[in-house]
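Build the 3D model from these lines:
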Amino acid sequence: MVLRTKKRSRKFLGSRRWGWGNIKNRRGSGSRGGVGRGNRKGMFTHRVVYDKVAVRDPGFNAWRIFNLKEADLDTIERKAANSKEGKPTVELRGYKILSNGSISKAIIVKASSFSKRAQEKIAKAGGEAIKL
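Residues are numbered from 1 along each chain as shown. Modelled structure (predicted):
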């Protein structure tokens with residue numbers, strides 16, 4: 001088969017940088033933009049700090065539930081304080097209820113997820129924990 005066009009690399013034979021400007025340009029690993037197998041540890045550290053859902057922390061059950069916000073029992077107590085019902089209802093869609101703080105009165109709490117201790121504390125106060 002006849003070669004109809006010359007490869008682009010033939011144009012740059014004998015030059016030091018293949019058309020990327022000054023020899024100082026594109027010198028270090030920063031110019032590679034994370035391509036290749038270099039800096040794997042640094043990429044993992046970036047994930048741990050900025051993208052915790054991707055790491056899938058087992059304590060937060062992130063395999064099944066993604067991007068949940070956190071709320072604690074003190075927050076629920078404050079939201080229910082404004083209500084004048086006998087058994088106030090607090091609905092927090094997209095939240096996981098954690099057991100920080102305490103709850104003093106019976107409250108019906110509706111949320112996407114609960115920790116075990118939070119469910120126990122809500123039940124002990126006479127309330128209900130309902131998963132949405």
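
Shouldn't residue 121 be within a strand?
No: Residue 121 is assigned helix when assessed by DSSP: H, G, I helix; E, B strand; the rest coil, not a strand.

Let me know how buried it is, in neighbour terms.
By other C-beta atoms under 10 Å, the residues close to residue 121 number 20. Heads up, the C-betas are built off the backbone N, CA and C, glycines and all.

residue contacts, it?
Listed by C-beta atoms under 8 Å, 6 or more residues apart in numbering, the contact partners of residue 121 are 73, 99, 102-103.

out of the residues you listed, who's nearest residue 80?
Using C-beta to C-beta, residue 103 comes nearest to residue 80 of these, at 8.6 Å.

Who are the contact partners of that closest one?
Residue 103 is in contact with 73, 76-77, 121-122, 125, 127, counting by C-beta under 8 Å, 6+ apart.

In ChimeraX, how would I select the buried members of the contacts of residue 121?
Buried residues within the contacts of residue 121, by 16 or more other C-beta atoms under 10 Å, are selected in ChimeraX with:
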select :73,99,103
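
quick one: which of the contacts of residue 121 is nearest residue 85?
Among the contacts of residue 121, residue 103 lies closest to residue 85 (C-beta to C-beta), at 15.6 Å.

before we move on, the earlier item: let me have the contacts of residue 103 in TSV, adding pLDDT and distance to residue 111 as columns.
Shown next, in TSV, are the contacts of residue 103 (pLDDT from 0 to 100; distance: C-beta to C-beta, whole Å):
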residue	pLDDT	distance to residue 111
73	92	11
76	90	9
77	89	14
121	93	14
122	93	10
125	92	16
127	91	12
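
from those, which ones fall inside strands?
Among the contacts of residue 103, no residue falls in strands (DSSP state E).

which of those residues are buried?
Buried residues within those, counting neighbours by 16+ other C-beta under 10 Å: 73, 76-77, 121-122, 127.

Nearest to residue 93 among these?
Checking the buried ones among the contacts of residue 103 against residue 93 by C-beta to C-beta gives residue 76 as the nearest, at 13.7 Å.

Skip the chain neighbours and tell me the closest residue to the closest one.
Nearest non-adjacent residue to residue 76, counting by C-beta to C-beta, 6 or more residues apart in numbering: residue 90, 5.2 Å away.
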